[in-house]
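Enquirer: show me the folded form of this:
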Amino acid sequence: MRSIILFDDPEIRLQLLPFTYTRPVAGIRCGIQTIAEKWSQWLQTEISYQTEPYLAHRFPLITSEDNLYINGALCPDALLIEAIENLSPESFLLSNDNKILAVRTSSSEWTPNEDPAKLISQTYTEPIVFIRQVWDIFLNNGAQIKSDFDRITSSKQSAKITDPFTHCYNPENIFVEEGAVIKAAILNAENGPIYIGKNASIQEGAVIQGPFAIGENSVLAQGTKIRPNTTVGPFCKVGGEVSNCVIFGYSNKGHDGYLGNSVLGEWCNLGANTNNSNLKNDHTAVKIHSYATGKLEDTGLLFCGLFMGDYSKAGISTMFNTGTVVGVSVNVFGAGFQPKHIPSYSWGGNAEGFSEYRLEKAIAVAKDTVGRRGVIFDENNHKIMEQVFEQTQNHR
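Expert: The predicted model follows:
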């Protein structure tokens, strides 16, 4: 039986930190689903991962005598699926810029660093969606919502919106899963689809412009303003104004405040009136901290906001500058704009200064945060947090 394995390209993984500190590249959400969920649904099979050793206990590798290794930063489409399915044994598929897209081999020990000379090379010339940089997550989000929406809803019937005070524009482009509750909201799907997940709650006065997706059991608070190309993952609570953002899951931005052109990982929390800038006053391109170079690098983007790793939290009225990168398990608070890079396991703020967030305390808070949602914080999570703490210790 063939094994489908989503592998981490080492260069891309580094560029996608801090999100890939705690998950494989394919665990990133873009559109309605994570990249891994997309591949699993397209190929109608379970997938496994080739990732960092410290992540492997939570994201295991399963091999067989016929292994199909697929780049975990690659979003699938029909033409790409066809090309990968047609790969002959002991061959690999290259992009136009010589990135490995997929490898079919009997070897259970193939890695991206292996010399491909012994394999047959094929070049894929069609357009591809590659999540290479953290900002690619929000840049591709609207198109991926549309792609996921068409696939997920193609053979299903939407639940009916029965609330008489909810108004829908282009209702045929709105899909509601069973158990979702919508009250006195405005849903505008004229410029892109709106997907409302199972048991989600859209509360009174919420105004939504598609493309938009909200995951299972998530909540949009009263009066929330959702601008296009936004994804709220499962088990989130979101309020205020949100534009072109991706929130992976289990994270809260429950109060007023603006979040734009940003990506939040899992188990994050933004305090009331937290805001981020996504456009510089002089309208020049935004620079952000690069984990690959350790320096500020030009994104080439005019609009670029906040990137926050898992388990990080911001106190009330926190202000984030354009292109701010916050690592894993950060507790940031206080007056004034925060630094453009806050390393993992930092505690404090720009005005007060930062100190190291003690590992024992950070894990205790993470356990409590996870437990409040009825999720078990197991030994694998504990080990991952320990490893990230050790890996980032010299950068604080």
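
Enquirer: buried stuff in the least confident helix or strand in the chain by mean pLDDT?
Expert: Across the helices and strands of the chain, mean confidence by mean pLDDT, DSSP states H and E is lowest for strand 120-123: a mean of 90. By neighbour count with 16 or more other C-beta atoms under 10 Å, strand 120-123 contains no buried residues. Yep, even glycine has a C-beta here, placed from its N, CA and C like the rest.

Enquirer: helices and strands around the next helix or strand after that strand, which ones?
Expert: Next along the chain after strand 120-123, taking DSSP states H and E as the criterion, comes strand 129-130. On a contact count with 3 or more C-beta pairs under 8 Å, 6 or more residues apart in numbering; DSSP states H and E, strand 129-130 meets strand 74-75.

Enquirer: what lies in contact with the strand it packs on?
Expert: 30-31, 35, 38, 80, 101-102, 128-131, 140, 144, 147 (C-beta atoms under 8 Å, 6 or more residues apart in numbering).

Enquirer: how about these in TSV, adding distance to Val325, pLDDT and secondary structure?
Expert: Formatted as TSV, these follow (distance: C-beta to C-beta, whole Å; pLDDT from 0 to 100; DSSP: H, G, I helix; E, B strand; the rest coil):
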residue	distance to Val325	pLDDT	secondary structure
Cys30	18	98	coil
Gly31	22	98	coil
Ile35	21	98	helix
Lys38	26	98	helix
Leu80	30	97	helix
Leu101	28	96	strand
Ala102	30	96	strand
Ile128	26	96	coil
Val129	23	96	strand
Phe130	20	96	strand
Ile131	16	98	coil
Asn140	19	98	coil
Gln144	22	98	helix
Ser147	27	97	helix
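
Enquirer: with only the CA atoms kept, save the least confident helix or strand of the chain in CSV.
Expert: The C-alpha coordinates for strand 120-123 follow below in CSV (Å, rounded to 0.1, in the frame of the first residue of the first chain):
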residue,chain,number,x,y,z
ILE,A,120,14.6,10.2,-12.6
SER,A,121,13.9,13.9,-12.8
GLN,A,122,10.6,15.5,-14.2
THR,A,123,9.9,19.2,-14.3
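
Enquirer: which other helices and strands contact that strand?
Expert: If contacts are counted by 3+ C-beta pairs under 8 Å, 6+ apart, strand 120-123 sits against strand 91-94.

Enquirer: partners of the strand it packs on in the sheet?
Expert: Sheet pairing of strand 91-94 (DSSP bridges) gives strand 100-105 (antiparallel), strand 120-123 (parallel).

Enquirer: closest one to Val232 among the ones you listed?
Expert: Among the strands paired with strand 91-94, the nearest to Val232 by C-beta to C-beta is strand 100-105 (29.9 Å).

Enquirer: got the buried residues for that closest one?
Expert: Quick answer for strand 100-105 (16+ other C-beta under 10 Å): 100-105.

Enquirer: before we move on, the earlier item: which of the contacts of strand 74-75 ranks first by neighbour count?
Expert: Among the contacts of strand 74-75, the one with the most neighbours (other C-beta atoms under 10 Å) is Gly31, at 29 neighbours.

Enquirer: for that residue, give its distance to Phe149.
Expert: Distance, Gly31 to Phe149, using C-beta to C-beta, to the nearest Å: 8 Å.

Enquirer: do the same with Ala36
Expert: For Ala36, the distance to Phe149 - C-beta to C-beta - is 18 Å.

Enquirer: identify the residues contacting the residue nearest to Pro339 when sequence neighbours are not counted.
Expert: Closest residue to Pro339 apart from its sequence neighbours, by C-beta to C-beta, 6 or more residues apart in numbering: Asn350 at 5.9 Å. Neighbouring residues of Asn350 by C-beta under 8 Å, 6+ apart: 334-339.

Enquirer: next: Ile32.
Expert: 144-145, 148-149, 152, 195, 213, 215, 231.

Enquirer: do Val181 as well
Expert: The contact partners of Val181, by C-beta under 8 Å, 6+ apart, come to 200-202.

Enquirer: against Asp163, how distant is it?
Expert: Counting by C-beta to C-beta, the gap from Val181 to Asp163 is 8 Å.

Enquirer: which residues do Gly31 and Phe149 both contact?
Expert: In contact with both Gly31 and Phe149: Ala213, using C-beta under 8 Å, 6+ apart.

Enquirer: for the stretch 51-200 of the chain, what spans make up the strands?
Expert: Under the criterion DSSP state E, counting those that start in this stretch, the stretch 51-200 of the chain carries strands at the ranges 66-71, 74-75, 91-94, 100-105, 120-123, 129-130, 167-169, 174-176, 181-182, 186-188, 194-196.
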